[in-house]
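Colleague: one predicted model, sequence on top.
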Amino acid sequence: MSITGFLQAATFRRTLASLGLWAAGTGIALAQQVPAPKFDGANTAWILTASALVLFMTLPALALFYAGLVRAKNVLSVMMHCVVIACLASVLWLIAGYSLAFDGGNGGVIGSFSKIFLSGVTKESLNGTIPEIVFFLFQMTFAIITPALMVGAYPERIRFGAVVLISGLWLMLVYVPVCHWVWGEGWLMKRSVMDFAGGLVVHATAGTSSLVIAAMLGPRDGFPKELRPPHNPGMAMMGAGMLWVGWYGFNGGSALTADGAAGMAIVATHLSAATAGLVWMGLEMMRFGRASMIGAVTGVIAGLATVTPASGFVGPMGGVILGIAGSVVCFFAVDLVKHRIRVDDSLDVFAVHGVGGILGTLLVAFLAHPAMGGAGYAKDVTMGGQFVTQILGVGTTVIWSAIATYAIVAVTRQFVGLRADPEAIYDGLDMSAHGERGYSLNN
């Protein structure tokens, strides 16, 4: 039996524990006592649908969201970054990313090369109750969106070649190892770390790395007092709305089953997003006297990021609590990063995704308790013990992401350069890097 991400669902773990089939302290079921899984058509259909929803989150949702937040002369460059990352990550995932993330490994640190180019994977191969090729597809969409999130840290001033090189190296050196640790039978999975859909694997890695990249790249001209506002808040709203819909597949699909567990994850996700949007608007009203469209959708995204690691472990009220906490903490984190630390993480990737994902990863240790309406913990794991494990997961993920990203950016600076020329930045990256414009008033 292949032990994959669905073993992280607390409901499944509690069932195994009640039957005495869970190995305490390892997070791995005793395979010899569990019946061999059988193909399930409903689960397969749902994961195929969820895969489409997660890809939809990158293209077009994230591309539109980010494009609406930049200046008009850089719209296409941001969209191009999302497109090239989607293409590059897909090929790298096939070549070796999937194998290194999900195929065994030594010591729980990294997987093996035995499934490079999907070697040995056929249409009959199963991963749990779904075909392994479908599991590969679903996980590939996560590998696409995670480096694409970092596009928001460096728009309007980075070389296109730097985007390509950083994204490729980052996927293999940061995303793949952390994915193995948490979801691929790695050392954190064996400690029963709780990360249902990517608080560590997606948001903590991308958020931390975004802060490092932005700091090493340098700020946009005029930062922080003379920056122009987003050129198209309506476009950003449409992109955010698509992200909200796509997140149903992101979190609901992570159950890898078409059942109540997926439904509960989606409900918790939706309530967190809705609550966070309202709270963010309230905070803006208190501070500025009005609520903005950009603020409203930023709050929604903060709620979605915060609930992601907990979505399969908490109930509806857990989603509401995470939405409130994520919105408040991320709201002040935006100000902290830009005006206190003075790092131009342009579209707030760290403050929203990084901080939200980390916060949700820590809070799930409390909200998963049955008294809070949660699904509980692995056998013999207490709330305090789970919290220690969550802190360990956050600490190692953040430290590894920061160190590896620093090295990746340093190498990129030496080989292809990092910051675009001043003239190219002034003209806009649409024309200087791609020879196209997002808008032409003459046609």
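Modeller: Great, that's in hand.

Colleague: make it CA atoms for all contacts and neighbour counts henceforth
Modeller: OK.

Colleague: which of the three states applies to the closest residue to Ala368 other than its chain neighbours?
Modeller: Across the structure, with C-alpha to C-alpha, 6 or more residues apart in numbering as the measure, the residue nearest Ala368 apart from its sequence neighbours is Gly374 (3.9 Å). When the structure is reduced to helix, strand and coil (DSSP: H, G, I helix; E, B strand; the rest coil), Gly374 reads as coil.

Colleague: oh, and call the first residue 34 from now on, that's how I've got it
Modeller: From this message on, residue numbering opens at 34, which makes the last subject Gly407.

Colleague: any idea of the pLDDT on Gly407?
Modeller: At Gly407, the predicted lDDT confidence score is 95.

Colleague: for Ala230, see how far away it is.
Modeller: Taken as C-alpha to C-alpha, to the nearest Å, the spacing of Gly407 relative to Ala230 amounts to 16 Å.

Colleague: that older thread, residue contacts, the residue nearest to Ala401?
Modeller: Shown here is Gly407, whose contacts under the criterion C-alpha atoms under 8 Å, 6 or more residues apart in numbering are 346-348, 351, 400-401.

Colleague: closest to Pro263 out of those?
Modeller: Each of the contacts of Gly407 was checked against Pro263 using C-alpha to C-alpha; the closest is Gly351, at 33.0 Å.

Colleague: what is the neighbour count of Arg373?
Modeller: As a burial measure, Arg373 scores 10 neighbours (other C-alpha atoms under 10 Å).

Colleague: end-to-end on stretch 322-331?
Modeller: For stretch 322-331, the first-to-last residue distance is 17 Å (C-alpha to C-alpha).

Colleague: pLDDT on it, on average?
Modeller: Taken as a whole, stretch 322-331 has an average pLDDT of 98.

Colleague: now do it: everything it contacts.
Modeller: Contacts made with stretch 322-331 from outside it, assessed by C-alpha under 8 Å, 6+ apart, are listed as 266-267, 269-270, 273-274, 310-311, 313-315, 317-318, 385.

Colleague: in the protein, which residue is closest to the centre?
Modeller: For the chain, the residue lying nearest the average C-alpha position, counting by C-alpha atoms, centre = their mean, turns out to be Val235 (2.9 Å).

Colleague: please tell me how far it sits from Pro188.
Modeller: Distance, Val235 to Pro188, by C-alpha to C-alpha: 20 Å.

Colleague: how about Ser287?
Modeller: Using C-alpha to C-alpha, one gets 30 Å for the distance from Ser287 to Pro188.

Colleague: one more: Ile357?
Modeller: Remark: distance between Ile357 and Pro188 (C-alpha to C-alpha) = 29 Å.

Colleague: Ile128 is in contact with Phe146, correct?
Modeller: No: with contact defined as C-alpha atoms under 8 Å, Phe146 and Ile128 do not form a contacting pair (9.4 Å).

Colleague: state the pLDDT value of Ser225.
Modeller: Reported pLDDT at Ser225 in the predicted model: 96.

Colleague: where does it sit: helix, strand or coil?
Modeller: If you use three-state DSSP, then Ser225 falls in the coil class.
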